[in-house]
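Trainee: this is the structure alone, sequence omitted:
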């Protein structure tokens, strides 16, 4: 079989790329390792039929490519429930708040704000297109976020805040990423408030029925051009074209777009082997660690108590919760996250132990009514063979300056897409779509007649 | 084809394991991706026939397993040439010295010694068998070596010293590894003096004819049980046994020993997929970066000037040199290293530019006679598809405590060997041999009759 372009991976990046290739009148084939499309998006229905998302689910208003695609595909959004007070747990104390303090003491909230301002001042100087060429790149990249925070504050509560909010955004610990990566990422998403906010931020909107429908509808449009259960194992490339071998077949093409996380892209066999600069990069972009849980109740009872369902614990393994009930509020669903080191330790528990840990945190946040959920569903993204962690890949100290230039740079006829390669909303669905469009444009500019 | 044990990788670790398996009366097959054995050891002859090693070459007197193997295989050692003064280049200044100062100013040498003592005091507390369980493991692992150094001294010359000696040992930069990893590694090799010294340290002895002969002789003993040009692609495993698929064939066995670097082990396909704890580890043990060069002259002229050939530059990309002449001194050979960030930047130069950079440094170190070598040979280990960097894999901030337990822990019928998995002389030939013996013992204890 021969096409103009092969795409590896039927997540949003790969499908968006394939759609753009086909729209230009070129033939395309998407190869997907799983038995389903949508990658890090995954739909699920609770026992009563309520749709919940086991993977990426929220869209913010500045994620314009994601919103455009939702609309083009005939899907609809609705606002994430965000009325009422939020709850923070810290040092055994429960604080309810409805302001910008995150429930911290006044002094700590001011200190968190000061650090945020400093970080965003540094981020302002970072180049999104080539972080390694930013002023002071070497200095920013040699530090971990943890080291920067400890060098810049002694406030234990502020440190605990950052130690929980950073895993909430990155599914990784502050010591596990370079300051330059952190700064690049927050700037890529429009700075910290935009990343962590519900209304006015990245969690503002949900898709009726689930985000996985975006990929499903794209795949429907592509029809036979999407092949599932087709894990790619080898890409051979030379001046004349590429040959892609997958379990069960082989396709030749002019170009290939690899739209899977860098760490997984590094596991394919390339003939000839990739240059060391690219290979070295894929040796060190580990995926984040997260177990996402959905806890269902007969009603969203916390709303009656004036609570939004947003919970943030600096004390517990389940560190962030949000209201994830259906739009009509016909039942109550809390979504919660074990993230970073918490995800890795929670993964060593039994399902029952994890469930108990999650419920115990919800009881502290929302009261005794949280004690008896009617359903508990979880998704461990670390165990997913064809994702190997969420939300995305991160770069540790030194990696951006030493290897970053290889992240999206084509190697001959091989082009790279995926949320990790986007300059805008890196790591998000919006960034994935943008990366697919960018890679498609690269390829289309090079295709022969 | 069916054997008791399949070994993946015919470096020292795999071959030592295979020999032990066979010595116990069990059948074994070693599969090697390359067209040669010896992995990170690689023999070469200069135009005049002088043997030089393009990979690992030195053995220290406390590397008892390596010495034992050399002797058992009928090979001989000879002392690395180490008479006369060493040279250090720093801030444009050349210093010749024959003491323990590394040519630093008195004040800086004292400061380097103080830092060394502090580091070794910390290393004393690290557990070699389970670094993650060391006292203060979390605190040591959250810091990079770079952060620790900067927090503990303001002496620019001392910082420059560590900034050059650490890449010389690790082929990686101080910011690219956790303090816990650094401490584990130096303790594993008997502390810093042992690692960096020629006489009395890890560089004391050479093998007549080259270290690759160790692997070649082991492979000769194993005969048909070593298959080259056989890159392994997939390992299937269940309660009944393992099946190893390589390019060109398939072997079944009771157990498999994977004796390749962790980052490469992570690229194999496992059915079923490996647990997340193991997979996550292999996402973040990048290999070091080094280009090793041999520069040959008609005579070892530096000896006449009272120089040992040991050169150390804090100013140049080629940062470490040693006398690598044959035992009879019939010609002069200097071995030099581009390491860490220097290796990555030097890799972007042309061969001619790299050669010129290396020779320019040698002229500064050893005088104008160094200007006109009769031969220049280099080996870029980053470009080697089946090693992907040398000297070995390193763990960045946070990795030991979050993932270290999976480094050598078997997964069902899959066992792990390789220099990175050794408690003693981790990263060295001696550690590779020890790891092979350890993995063989694990397997032999489990084999059915």
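Mentor: Yep, it's here. Please read these numbers as outputs of a predicted model, since none were measured by experiment. Residues are numbered from 1 along each chain as shown, chains lettered A, B, ... in the order given.

Trainee: C-alpha from now on. contacts and neighbour counts both.
Mentor: Fine.

Trainee: what sits opposite residue A:88 in the beta ladder?
Mentor: Counting by DSSP bridges, residue A:88 is bridged to residue A:95, residue A:312.

Trainee: tell me how many other residues crowd it.
Mentor: Number of residues near residue A:88 (other C-alpha atoms under 10 Å in any protein chain shown) recorded here: 24.

Trainee: which residues of chain A score low on pLDDT?
Mentor: Counting by pLDDT under 70, chain A contains no low-confidence segment.

Trainee: can you list the domains in it?
Mentor: Residue ranges for the domains of chain A, per automatic domain parsing: A:2-39+A:211-284+A:396-444, A:85-196.

Trainee: contacting residues for the nearest residue to residue A:407 once chain neighbours are set aside?
Mentor: For residue A:407, ignoring the flanking residues on the chain, the nearest one in space by C-alpha to C-alpha, 6 or more residues apart in numbering or on different chains is residue A:421 at 6.2 Å. Residues counted as contacts of residue A:421 (C-alpha atoms under 8 Å, 6 or more residues apart in numbering or on different chains) are A:407-408, A:431-432, A:435.

Trainee: just these: which are in helices?
Mentor: Cross-referencing the contacts of residue A:421 against helices under DSSP state H gives A:431-432, A:435.

Trainee: in JSON lines: those, plus distance to chain B and neighbour count.
Mentor: Shown next, in JSON lines, are the ones in helices among the contacts of residue A:421 (distance: C-alpha to the nearest C-alpha, whole Å; neighbours: other C-alpha atoms under 10 Å in any protein chain shown):
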{"residue": "A:431", "distance to chain B": "22", "neighbour count": "28"}
{"residue": "A:432", "distance to chain B": "21", "neighbour count": "31"}
{"residue": "A:435", "distance to chain B": "22", "neighbour count": "29"}
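
Trainee: now those as CSV including distance to residue A:94?
Mentor: What follows is these, written out as CSV (distance: C-alpha to C-alpha, whole Å):
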residue, distance to residue A:94
A:431, 36
A:432, 37
A:435, 42
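
Trainee: that older thread, from the contacts of residue A:421, pick the one nearest residue A:79.
Mentor: Taking C-alpha to C-alpha as the measure, residue A:79 lies nearest residue A:431 of those, at 20.7 Å.

Trainee: now the residue of the stretch 151-300 of chain A found nearest chain B. Nearest residue, chain neighbours left out?
Mentor: Residue of the stretch 151-300 of chain A nearest chain B, by C-alpha to the nearest C-alpha: residue A:267 (4.3 Å). In this structure, residue A:267 finds its nearest non-sequential neighbour in residue B:267, 4.3 Å apart by C-alpha to C-alpha, 6+ apart.

Trainee: do residue A:236 as well
Mentor: The nearest residue in space to residue A:236 (C-alpha to C-alpha, 6+ apart) is residue A:271, at 4.5 Å.

Trainee: returning to what we had before: between the domains of chain A, which one is closest to residue A:204.
Mentor: Here domain A:85-196 is closest among those (C-alpha to C-alpha), at 9.8 Å.

Trainee: now do the closest one: distance from first to last residue.
Mentor: End-to-end distance of domain A:85-196 (C-alpha to C-alpha, to the nearest Å): 16 Å.

Trainee: kindly report the same for stretch A:130-143.
Mentor: Taking C-alpha to C-alpha, stretch A:130-143 runs 18 Å from one end to the other.

Trainee: just how off-centre is it within its chain?
Mentor: 23 Å (C-alpha atoms, centre = their mean, to the nearest Å).

Trainee: buried ones in that stretch?
Mentor: A:131-134, A:137-138, A:140-143 (16 or more other C-alpha atoms under 10 Å in any protein chain shown).

Trainee: contacting residues for residue A:245?
Mentor: Contacts of residue A:245 (C-alpha under 8 Å, 6+ apart): A:232-235, A:251.

Trainee: which two among the residues you listed are spaced furthest apart?
Mentor: The most widely separated members of the contacts of residue A:245, counting by C-alpha to C-alpha, are A:233 and A:251 (12.0 Å).

Trainee: now do the shared contacts for the two.
Mentor: Counting by C-alpha under 8 Å, 6+ apart, the residues touching both residue A:233 and residue A:251 are A:244-245.

Trainee: returning to that earlier point: the residue nearest to residue A:236: how many residues sit nearby?
Mentor: Applying other C-alpha under 10 Å, we find 13 residues neighbouring residue A:271.

Trainee: near chain B, which residues of the stretch 151-300 of chain A?
Mentor: Residues of the stretch 151-300 of chain A lying close to chain B (C-alpha under 8 Å from any C-alpha of the partner chain) are A:175-176, A:263, A:266-268, A:273, A:275-277, A:279-280, A:283-287.

Trainee: now, the most widely separated pair of the buried residues of stretch A:130-143?
Mentor: Pairwise over the buried residues of stretch A:130-143, using C-alpha to C-alpha, the maximum falls at A:133 and A:143, 16.2 Å.
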